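Asks: generate a structure from the sequence data that follows.
(2 chains)
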Amino acid sequence: MINRSFSRREFVRLFTGGTAAVLISFNTACKNKISQWRYLNEGEIGLLDAIVEQIIPTDDFPGGKWANVSNFIDKQLNSYYRKHQMAYRDGLAAFEKTVIQLRGKKFEELTFNDQTAILEKMEAGEFSGDYWKDHSSAGFFDMVRQHSLQGFYGSPAHGGNREYISYRMLGLDYPNVIGQNRYNDLSWRKYNPKSFENGK
Amino acid sequence: MANKHVNAVVIGAGAGGGVVAKELATGGLTVVLFERGRWHTFDEHGDDELTSQRTFPLKCGYGPDSERNWRMAPDGKNGWTKVFPNEWSYGNNAACVGSGTVSYGAMAWRYQPEDFHLKTKYGAVPGSTLEDWPLSYDELESYYEKAEYELGVAGDPTNDPYIPPRKNPYPMPAFSFNREGIILEKAAKRLGLHPFPIPMLRNSVPYNGRAACIRMRTCVGFACPVGAKAGTQNTVIPVALKTGNCELRINCMVSEIIVDEKGKAKGVKYYDSNNKLQEQTSDLVVVSASASETARLLLNSKSKLFPKGAGNNNGWVGRNIQDHAYTGAHGLFENEVFDDVGPGACIAINDFNHRSPDIIGGGVLCNEFIRMPYQFTSVRPQGSRMWGKDHKDFQKKNFKRHIVIMGPVQEMPVFEKMVEVDPVVKDFWGIPVARISGFRHDNDIKVAHFLADKAEAWLKEAGAIRTWQAVPGKQSTPSQHQSGTCRMGNDPKTSITNKYGQLHEIDNIFIADGSLHVNNGGYNPALTILTLGYWVGGHIIEKWKGTKMR
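Replies: Residues are numbered from 1 along each chain as shown, chains lettered A, B, ... in the order given. Below you'll find the model as predicted:
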């Protein structure tokens, strides 16, 4: 097995590198007034980053924000998840408004634990206000939750799971080399040697 | 220019249709094999979990596509809602050359002899249309063997005292157990059970010009990169094409079987790969489009003599749709039990299939296929928070310390569980779409609890430090194991075809897929569908010799 653990130093290196990359593109986007995002805008991405970081928080491994989960969601909103575009646009706006009503500031400005408390309320369907009369806050939360987990644990090909971070975290070889990724572990051959001899 | 008349049209290049096309083409009939999907390869899909056929939040990699295919499903408020193939309430089966046999887990089960006469064995079940099959296991035995040898099955029944009787051994030796299998085998023996390796439509040794399995993590839900997994697309369909008698028409959607004034099928109407409506005439028609789409096609084929759809004057087409009520238990272990030796599922017991007092039916119990990372995000004990630190910790700690044992509970056929055609909504081509509704029989839930108890006890004996059960409810949409919508039977009042898959009412239309199943066995159905392909195909050839179906 290779690379079972992800050292803190490596994480810090990747983390800082990643932030720099995002900052550079952010600056470019501001100067040229061209967003690097496909559907969502900068403000929505900022809010979404804070939410996905709650769904998959940073610990000894990076969390949802570093893994580009918001990028995954933005990318899907322009392809497979087009049908969810309005749910995100209106849902995020209503969410922001609700948080300001409840706390007097933006979600991103709250402490981590307070953010968690807000999301717990939302998950329980306890948001009130005009938008949430017709749209269940529990439903919106669950959609974002599922999309976040897809972005973090699915293939990097779709824009999330940066550098196969979740696979490294789980100790899974990546990419899945076709054939044998287990040269050092032949224990599986021990059972029923007869079948193995016939087999190979 | 009109298409050239052929002897047979086969609709659907999956398990049943692939085999029938090969049987007819090698028997000398000219065949057009229609497939609404196309060819797929591993290279095209890779190991992308989010577009696999197992977990498919983005799309079903192996079809059907969401741009042209949709259905209606109950919205829970006495109405209907539009659903797409990558939503569970659609009830998807694959749509490509080989269909489900490209991306399945490839378990190769023969049904038990009892499965063919459940009503005789257990008596009538109130609330169910349960009936005996019009054919017996003994009649099918040599056809099961033909399927096992032509496609290739690896297995070893030595340690299974309940193996359905077989004249010859499997063509290939069994697969070895992975670490889960080794742990579970010892535990099962301590419990007095009879564990054995799952027979697989997958090469344990090179077979029929295809390579041996390389034990991939991404097996179920994915195509095989080396062709070790046997599907109709890499076995019988190439044989059919090689005869020169069979033309495979991909990206073609059949919309209607043409039935004339005398009540004979004359061929089919279909939308070609450019979405242009065409006709293909034939002497006979074989429908093998899966239990939901076969029923949909018959219901959409209305004619003067059959105003409710082809062969549907008794109103039973689309009724009794079944799947399996998957049940079982999860276990967490102190040490790592994951060794990344795919496909994962390897060990089974037949002890609770037809051998338990007070239980009607039952099912096999097996360890599960490898859970991919996103799939594992939904594996939590009831009541767990599904996000945040705890969720991530669980993922990290238990991904490699988790074993699942699951079993397919044989569902009791229920008349009100059915496929209909929606009166209003049409698909991309303008063909009325299917809608599936109804609930499972109470017996399925009872058996599910029974089997889940057994699975949990097995995990505990194996050393699981925490276990929980996963028992299904009455709500379900039959998907990859769908069956029963055009069942065979001796009584034309309560069945659609005779024992050879031939419509009671239209003698040149045949069915060859899971639709024929009277009940669905306590097993994955693929081998039985393949076997019925040989059974129906063989019968057509025999009948053809005398009459040419005219």
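Asks: what about residue B:274, distance to residue B:297?
Replies: Separation of residue B:274 from residue B:297 (CB to CB, to the nearest Å): 21 Å. For the C-beta atoms, the positions are set from N, CA and C on the backbone; glycine is no exception.
Asks: which residues are in contact with the helix or strand bottoming out on mean pLDDT in chain B?
Replies: Across the helices and strands of chain B, mean pLDDT, DSSP states H and E gives its lowest value to helix B:42-45, namely a mean of 88. Helix B:42-45 is contacted from outside by B:51-52, B:61-62, B:222-225, using CB atoms under 8 Å, 6 or more residues apart in numbering or on different chains.
Asks: got the CA positions of it in PDB?
Replies: C-alpha atoms of helix B:42-45 as PDB (Å, rounded to 0.1, in the frame of the first residue of the first chain):
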ATOM      1  CA  PHE B  42     -14.500   0.300 -19.200                       C
ATOM      2  CA  ASP B  43     -12.100   2.900 -20.700                       C
ATOM      3  CA  GLU B  44     -15.000   5.200 -21.300                       C
ATOM      4  CA  HIS B  45     -16.100   5.100 -17.700                       C
END
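Asks: what's the following helix or strand after it?
Replies: Downstream of helix B:42-45, the first helix or strand assigned by DSSP states H and E is strand B:71-74.
Asks: for that next one, which helices and strands make contact with it?
Replies: strand B:80-83, strand B:418-426, strand B:432-437 (3 or more CB pairs under 8 Å, 6 or more residues apart in numbering or on different chains; DSSP states H and E).
Asks: off-centre distance for that strand?
Replies: 21 Å (CA atoms, centre = their mean, to the nearest Å).
Asks: what are the contacting residues of that strand?
Replies: B:80-83, B:89-91, B:422, B:425, B:433-437, B:477.
Asks: which residues touch the one residue sitting closest to the centre of chain A?
Replies: In chain A, the C-alpha nearest the mean C-alpha coordinate belongs to residue A:69, at 3.0 Å (CA atoms, centre = their mean). With contact set as CB under 8 Å, 6+ apart, residue A:69 has these partners: A:52, A:55-56, A:148, A:151-152, A:160.
Asks: quick one: buried residues of the longest strand along chain B?
Replies: Ranked by residue count, the top strand of chain B under DSSP state E comes out as strand B:277-287. Going by neighbour count (16 or more other CB atoms under 10 Å in any protein chain shown), the buried part of strand B:277-287 is B:280-287.
Asks: and the next element down the chain from it?
Replies: Past strand B:277-287, the next helix or strand by DSSP H and E is helix B:291-299.
Asks: find me the pLDDT at residue A:4, would you?
Replies: Note on residue A:4: pLDDT of 40.
Asks: hmm, I was thinking of residue A:174
Replies: At residue A:174, pLDDT is 76.
Asks: re earlier: which ones among the contacts of residue A:69 lie within helices?
Replies: Judged by DSSP state H, those include A:52, A:55, A:148, A:151-152 as members of helices.
Asks: just the buried members of those residues?
Replies: Here, 16+ other CB under 10 Å leaves A:52, A:55, A:148, A:151-152 buried among those.
Asks: quick one: the helices in the stretch 101-250 of chain B, in order.
Replies: B:118-122, B:137-147, B:179-190, B:236-242 (DSSP state H, counting those that start in this stretch).
Asks: identify whichever of these lies nearest to residue B:406.
Replies: Among those, helix B:179-190 comes nearest to residue B:406, with 12.5 Å by CB to CB.
Asks: list the contacts of that closest one.
Replies: Taking CB under 8 Å, 6+ apart as the rule, helix B:179-190 contacts A:187-188, A:190-191, B:177, B:194-195, B:197, B:337-339, B:341, B:344, B:346-347, B:349, B:367, B:403, B:405, B:458-459, B:461-463.
Asks: find the centremost residue of chain B, please.
Replies: By CA atoms, centre = their mean, the mean C-alpha position of chain B lies nearest to residue B:481, the distance being 3.6 Å.
Asks: report the buried members of the contacts of helix B:42-45.
Replies: B:51-52, B:61-62, B:222-225.
Asks: tell me the one among these nearest to chain A.
Replies: Distance to chain A across these (CB to the nearest CB) is lowest for residue B:225, with 5.2 Å.
Asks: wait, isn't the closest one in contact with residue B:217?
Replies: No. The criterion here is CB atoms under 8 Å, and residue B:225 misses it with residue B:217 at 11.7 Å.
Asks: ok, residue B:238 to chain A distance?
Replies: According to CB to the nearest CB, to the nearest Å, residue B:238 and chain A sit 23 Å apart.
Asks: what of residue B:229?
Replies: The separation that residue B:229 has from chain A, given CB to the nearest CB, amounts to 14 Å.
Asks: OK, now which residue of the stretch 101-250 of chain B is nearest to chain A?
Replies: Closest point on the stretch 101-250 of chain B to chain A, by CB to the nearest CB, is residue B:173, at 4.3 Å.
Asks: mind checking pLDDT for that residue?
Replies: Reported pLDDT for residue B:173: 96.
Asks: flag the shaky bits of chain A, pLDDT-wise.
Replies: Counting by pLDDT under 70, the low-confidence segments of chain A come to A:1-34, A:175-200.
Asks: residues contacting residue B:401?
Replies: B:332-338.
Asks: again with residue B:159
Replies: So residue B:159 contacts B:194-196 (CB under 8 Å, 6+ apart).
Asks: would you mind listing what in the stretch 251-400 of chain B touches chain A?
Replies: B:339-341, B:373-374, B:376-377, B:386-389, B:391-393, B:395-396, B:399-400 (CB under 8 Å from any CB of the partner chain).
Asks: so of those, which ones are in strands?
Replies: Of these, none are assigned to strands by DSSP E.
Asks: what is the burial count for residue B:499?
Replies: Applying other CB atoms under 10 Å in any protein chain shown, we find 18 residues neighbouring residue B:499.
Asks: so residue A:141 touches residue A:118, yeah?
Replies: No. The criterion here is CB under 8 Å, and residue A:141 misses it with residue A:118 at 10.2 Å.
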